[in-house]
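K.L.:
what's the 3D shape of this:
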Amino acid sequence: MAYGTLNAGTITPGSGNTLTVSEAVTFTGSISFPFMTSYYNQSVIFTGGNDVSVGNYDNSTDATERRTLNVPAIEVEIGGSSLKLASAATKDLNTSGNWDASTYATAANRAGKDFYVYATIPSSGTTADIILSNNSTLPTSIASGATPSSSNSRKIAGFHCLCVSVGTISGHDLTGYIAGDILPRSVWDLFKKPVSAPEGMVLSKDGMWVDIYLPSVSGSVLVSANGGTIAKGTSSPAFHGYKFEQWFGEIGKKLIRQTEFVVASLGANQGTNITGSADPTTTAGHSDTAGRRMISNIGCEDMAGVYWQWSRDPGGSVASAASWANAYDGNDSGIGGQHNQAPYRAHLGGGWSYGLKCGSRGSGWSDSPLALYSSFSGRAVAESKGSRF
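P.N.:
Below is the predicted model:
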């Protein structure tokens, strides 16, 4: 079977030489293109927090491993130069020389922050230098001493560090982890990442990426950030279910559904709410009425007993009358349309004073998607991007 025809003419290969074809040539078979090295070989994936491989993520009991990023052998093209890291390397986050800013070698300075891994062109040879940075665009310095630029540096991975120490929780995947340790399931690379921005997210065991934190507003977008002011029904701006769906959708995310919530919240406190039974107003690092850290096995904060979280699941009954009614309110801008017999939307996890009602299977199905409550927030998820090729 013919796969195509090479027409007569002159071909100029990348070497600058020319090849003249005197007549049309029909060829059969397949054409093999060289592997694209713009990033790195797909068969090697970054891991972090311990000696694990992506898809396994067994958590470590070793304190050093919890703060160590494992960098696989890679091939990467930077500024037209093909570089390699011929063998795997480890980067201890407590080692100043692994950073472009030595302040992050102190665990407390890493707590609740996102970091990035850059491959850079060395001063000589073809072995890429690897540097860690808190800068999302370029490292502030590189080993060669050259001024960092897009011509000598390429971002290839990232990770998030635990905001507040977990303490000892029997049977919990993160028991013993301290502030500044790598959240193992937050490690992403160019092949294993969400379709949205990966900051402040962890990979759930069902394959969805989940926001670590309840949402807060940064500029005109919702973010998953440590210490953020929680977006809710009475915040400014105020958010109901419809508005969360809209804002999350604009950044490649969506409201979590109940089946995803149940998985992502495993390991979180069950049947308890936040200590003080009051609105914490800001994200993360909280403990429940029993003094237990409110964190799930994969590292999601405040899953149960802090805020009810809107779900994209509709309820079985209707929240609006049979007549048409506005599907927006005064908190919306640039939105119109009416709904008729709109279904209720689920809210999950339990609020700050709901006690036994809180947990992985805590849910309510009796509120309109336009409801604005001080104890209602949201939780975003994103699909996995998967392979670039």
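K.L.:
So for residue 220, what pLDDT did the model give?
P.N.:
Listed pLDDT for residue 220 reads 95.
K.L.:
That one: how many residues sit nearby?
P.N.:
By other CB atoms under 10 Å, 8 other residues sit near residue 220. Glycine gets a C-beta too; all of them are placed from N, C-alpha and C.
K.L.:
which of the residues in stretch 94-102 are buried?
P.N.:
98-100 (16 or more other CB atoms under 10 Å).
K.L.:
Could you do stretch 201-208 as well?
P.N.:
Neighbour counts using 16+ other CB under 10 Å place 201-204, 208 of stretch 201-208 among the buried residues.
K.L.:
Same list, those, but as a markdown table with distance to residue 227 please.
P.N.:
As requested, those are exported to a markdown table (distance: CB to CB, whole Å):
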| residue | distance to residue 227 |
| --- | --- |
| 201 | 17 |
| 202 | 18 |
| 203 | 23 |
| 204 | 23 |
| 208 | 24 |
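K.L.:
Could you list which of those belong to strands?
P.N.:
Here DSSP state E is the test, and the buried residues of stretch 201-208 give 201-203 as lying in strands.
K.L.:
So residue 243 lies in a helix, does it not?
P.N.:
Yes - looking at residue 243 with DSSP: H, G, I helix; E, B strand; the rest coil, it is inside a helix.
K.L.:
which residues does it contact?
P.N.:
Residue 243 makes contact with 237, 331-332, according to CB atoms under 8 Å, 6 or more residues apart in numbering.
K.L.:
Residue 313: what's its closest spatial neighbour, skipping adjacent residues?
P.N.:
residue 346 (4.4 Å; CB to CB, 6 or more residues apart in numbering).
K.L.:
mind saving the C-alpha coords of the strand or helix carrying that neighbour as PDB?
P.N.:
Take DSSP states H and E as the rule and residue 346 turns out to sit in strand 343-348. Output of strand 343-348 as PDB, limited to C-alpha atoms (Å, rounded to 0.1, in the frame of the first residue of the first chain):
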ATOM      1  CA  PRO A 343     -32.500  20.600  40.300                       C
ATOM      2  CA  TYR A 344     -31.000  21.000  43.700                       C
ATOM      3  CA  ARG A 345     -27.300  20.700  43.900                       C
ATOM      4  CA  ALA A 346     -25.400  18.600  46.300                       C
ATOM      5  CA  HIS A 347     -23.100  20.000  49.000                       C
ATOM      6  CA  LEU A 348     -20.500  17.800  50.600                       C
END
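K.L.:
Just checking: what are the partner strands of it?
P.N.:
Paired neighbours of strand 343-348 in the sheet (DSSP bridges): strand 308-318 (antiparallel), strand 363-367 (antiparallel).
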